[in-house]
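1. 3D model of this:
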Amino acid sequence: MAPEGSVVHEAGPRELERLFHQGVLSRRQLLQGLVTIGLSAASIEILFGSETGTVEAQVPRPRYLVLIVLDGFRPDYLQLAEMPAYRALAAAGTVYERAWVGQLESETPVGHATLSTGALPRNHGIIGFEWRDPASLLEVKDGWEQGAALGQVGRDLAAHHVTSIPEAVKRANPGAVVVSLSSEKVYAADAMSARAADYVLYHQFSGNRLSPAALPGQSPDVDFFAGKHLTLPLPLAHFTDWDYLSSQLALAALARYRPEVLMVNLPGSDVYGHKYGGPNSPGIMTHVVAGQDRAIGRIVRAYQSAGIYDQTLFVVTADHAMVPNTHAVGPDQIGAAVRQAGARVQFHTGGSGKYIYLQPPFRTRAKEVAQAVAKIPGVVAGYYRTASGDYVLAAGSIPAELDAAYRGLIATFTGPTAPDVVAPYRENTIGTTLPQLYGNHGGLSWGVQHVPLLLTGPGVRAGIRSHAPARLVDVAPTVLRLLGLTWPGLDGLVLADALVDANAAEVAAQRLLTRSLGLHQEALIERSLSDVAGDRQTHAAPPPPISAQP
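-> Predicted structure coming up:
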């Protein structure tokens, strides 16, 4: 949650800049704070531009948007296969080689919600697959399949009154059509929709087949699902089938509705990254990655055939990455540490980091729990939530720069639903003890935070390789800016170095945040490299894989 008005009134320019760097203040709140402390409107506009901004008339604007999310995709997967479709898009646009999730939790419903809304989890309300309701103190599981299949993620986003790409486009053009889809992950499609898409599509198990379905109230025409190639028999025969189904839904939607906005989740790299340990099974992931590129190619060719490719903005990114289980922190270890601290667990979440919710009577023991959990091998540090809602480092000997990076990430989901204790794990460590190779995500390490990001289309600079620390939360503001739709109050910023017509204010705002975020990234990367080097020296390795089967 953003600071109360009194905090903004009391802060000086340096403090306001620090809060903005940490993501505590949105750009709009920063500007309001500068006005409050007496900076003139003219000076603010010179530094940051007006709240609405202007669009240069001579720069062409895209009429269509295609957002493709490679679920659980690591940037090093790009080296596994040729990926001609991806590389053609990259060559024609701007690629962010240091893009990252930049928030918690690094999970699918959270990432897709942020991509769509341009809001941080603390503001859009989706902080994981589950969280604790602050009123009832009960566990809420809206992010899982059962809740998402009823549209609960979209309703949660709507209840938090955040803007989304679908809503902004439809407000500007009420006749615009928006489609959000995923074959395997209904919660991804629901989150991108933010309750504003016309059609939200996914696949469900139906007897011995995978059959297309839609969320209630966001379903296409009855005969839409009768189209060719929208179903597959079970068991699946190829590691590429999930992404093939997503691409077929996308092609069907384009052919039937020609949507102004098409949001596509390709789930294969997450499905098989979990099952086979992600980067530690390069043979399997090579098949998956090649299939995802073919899915991208099918979509691109369909837009070319429809004669609208040159009018389309393409964005390709990931919601999170993936790490293998070289090390594991088992749930029994967490439970024992909590009991040792004199407390009891209500529930805990996270795959490559741990987020602990204590039973309400024991929440006052959060500091002791954080101290006990930090002693578990594989846990880097322990943070506990104070009565004021802030997080304090209770235990863990870590550099100040890494502490700042962790605090910056934790701040993105801090709020009334946030956990009592946060425990960052070392690189390639997950919270599940298994006898076979497995992959996971959800945490703060660079291995799960580093993701690909490219933009290409009208208004995007071509052939650019940027090292700016672009976050998921920056995608929506950049997309809306390219579409000519400015929207105040977003938590993310416009990625000015991707724009043909970036103005001085946009460039200054990006540079302002790049400095602190870059330091956070450097700290995470340094820790990651140290952990991986240590594993090599000790010959640490994950368990063996199971036999390969789609």
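
2. I'd like the distance from stretch 369-388 to the chain centre, please.
-> The chain centre lies 24 Å from the centre of stretch 369-388; the measure is Cα atoms, centre = their mean, to the nearest Å.

3. mind listing the helices for the stretch 201-350 of the chain?
-> Using DSSP state H, counting those that start in this stretch, the helices of the stretch 201-350 of the chain run over 241-257, 268-276, 282-305, 331-340.

4. Mean confidence (pLDDT) on the last one, please.
-> This points to helix 331-340. Mean pLDDT, computed over helix 331-340, is 97.

5. So for the residue nearest to Ser246 when sequence neighbours are not counted, what's the pLDDT?
-> Closest residue in space to Ser246, ignoring its immediate chain neighbours: Ser183 at 4.3 Å, by Cβ to Cβ, 6 or more residues apart in numbering. Placement of C-beta: from N, CA and C, glycine included. Looking at Ser183, its pLDDT stands at 98.

6. Tell me, how many residues neighbour Ser183?
-> 32 (other Cβ atoms under 10 Å).

7. ok, now Arg515?
-> For Arg515, using other Cβ under 10 Å, the count is 11.

8. related to what we said a few turns ago, nearest to Thr94, of the helices of the stretch 201-350 of the chain?
-> helix 282-305 (16.8 Å; Cβ to Cβ).

9. list the buried ones in the closest one?
-> By 16 or more other Cβ atoms under 10 Å, the buried positions in helix 282-305 come out as 284-285, 287-300, 302-303.

10. What of stretch 88-108?
-> So, applying 16+ other Cβ under 10 Å, buried residues of stretch 88-108: 89-90, 92-96, 98-108.

11. again with stretch 487-494
-> Within stretch 487-494, judged by 16+ other Cβ under 10 Å, the buried ones are Trp487, Leu490, Asp491, Gly492, Leu493, Val494.

12. any idea of the mean pLDDT in it?
-> On average, the pLDDT along stretch 487-494 is 92.

13. now it, how far from the centre of its chain.
-> Stretch 487-494 has its C-alpha centroid displaced from the chain centroid by 16 Å (Cα atoms, centre = their mean).

14. start at 18 instead
-> Sounds good: first residue 18 from here, last item stretch 504-511.

15. distance between the ends of it?
-> 11 Å (Cα to Cα, to the nearest Å).

16. Let's have the helices of the stretch 218-367 of the chain in CSV, adding distance to Ala525.
-> Below are the helices of the stretch 218-367 of the chain laid out as CSV (distance: least, Cβ to Cβ, whole Å):
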stretch, distance to Ala525
helix 258-274, 37
helix 285-293, 36
helix 299-322, 34
helix 348-357, 44
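
17. Out of those helices, the one nearest Glu539 is which?
-> Among those, the nearest to Glu539 by Cβ to Cβ is helix 285-293 (25.8 Å).

18. just checking, what packs against that closest one?
-> Under the contact criterion of 3 or more Cβ pairs under 8 Å, 6 or more residues apart in numbering; DSSP states H and E, helix 285-293 touches helix 258-274, helix 299-322, strand 456-457.
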